[in-house]
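Q: Show me the folded form of this:
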Amino acid sequence: MSFTSFDTNTEPLFDGSVHEYLIFGRETCPNTGRKHLQGFVWFKERRRLPFLKKWISNAHFEGAKGTAEQNQKYCSKDGDYEEFGRLPVVQRGGNAFKNVLTAAESGNIADIKENYPGLFIRYKTNILSSVKFRVEELSESCGVWICGPPRCGKDSRIVNSHHAFLQNIITLYII
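A: Model prediction:
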């Protein structure tokens, strides 16, 4: 969110619990010679205009044009500026999805949660289904899989086998 304030006596205050990043520069309008603050702010959560007006009552707010880096460069162009917080790194389009997919395939779910929390929340099921588990072939068989259509005698064959015992009605163990 970019803003312009002609009240140069009241500077915006940075609050780390509300703001991710804030920069404002002191400028002079080339046509009128009027001094003003030109700023860019990145909130941790989405904010509406009434909240912004309580923060800086007489400022004009607009959705930022360009990237965070471009806004940082613009606000600091005259050299008289103040900067707070950490400049957000936003990846848009295919790169973010590509990075998430690569991380998911390598099993780095924690990295995805940390670096792409929005994508993780929206696409959690798809991300988790993309995880490629590291599976090693077993040298010896460690179990027997019995499959078939319903009511073909799978359970009765196991129960009648001399290598089976019943722990409870639901779980069957083969020795």
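
Q: ok, and what's touching the lengthiest helix in the chain?
A: The longest helix of the chain (DSSP state H) is helix 94-105. With contact meaning Cβ atoms under 8 Å, 6 or more residues apart in numbering, helix 94-105 is reached by 91, 109, 111-112, 115-116, 119-120, 123, 127-128, 130-132. C-beta here means a position set from N, CA and C on the backbone, and glycine is covered the same way.

Q: does residue 4 count as helix, strand or coil?
A: strand (DSSP: H, G, I helix; E, B strand; the rest coil).

Q: Is it correct that it is in contact with residue 59?
A: Yes. Using Cβ atoms under 8 Å, residue 4 is in contact with residue 59, at 6.4 Å.

Q: Who is residue 43 paired with across the strands?
A: Residue 43 forms beta bridges with residue 19, as assigned by DSSP bridges.

Q: what about it, distance to residue 23?
A: Using Cβ to Cβ, to the nearest Å, residue 43 is found at 13 Å from residue 23.

Q: same question, residue 139
A: Going from residue 139 to residue 23 by Cβ to Cβ gives 61 Å.

Q: more crowded one of these two?
A: The residue with more neighbours, out of residue 139 and residue 23, is residue 23; 24 against 6, by other Cβ atoms under 10 Å.

Q: List the contacts of the more buried one.
A: Taking Cβ under 8 Å, 6+ apart, one finds 39-41, 71-72, 75-76, 81-84 in contact with residue 23.

Q: hmm, try it at 6 Å
A: The neighbours of residue 23, taking Cβ atoms under 6 Å, 6 or more residues apart in numbering as the test, are 40, 72, 75, 83.
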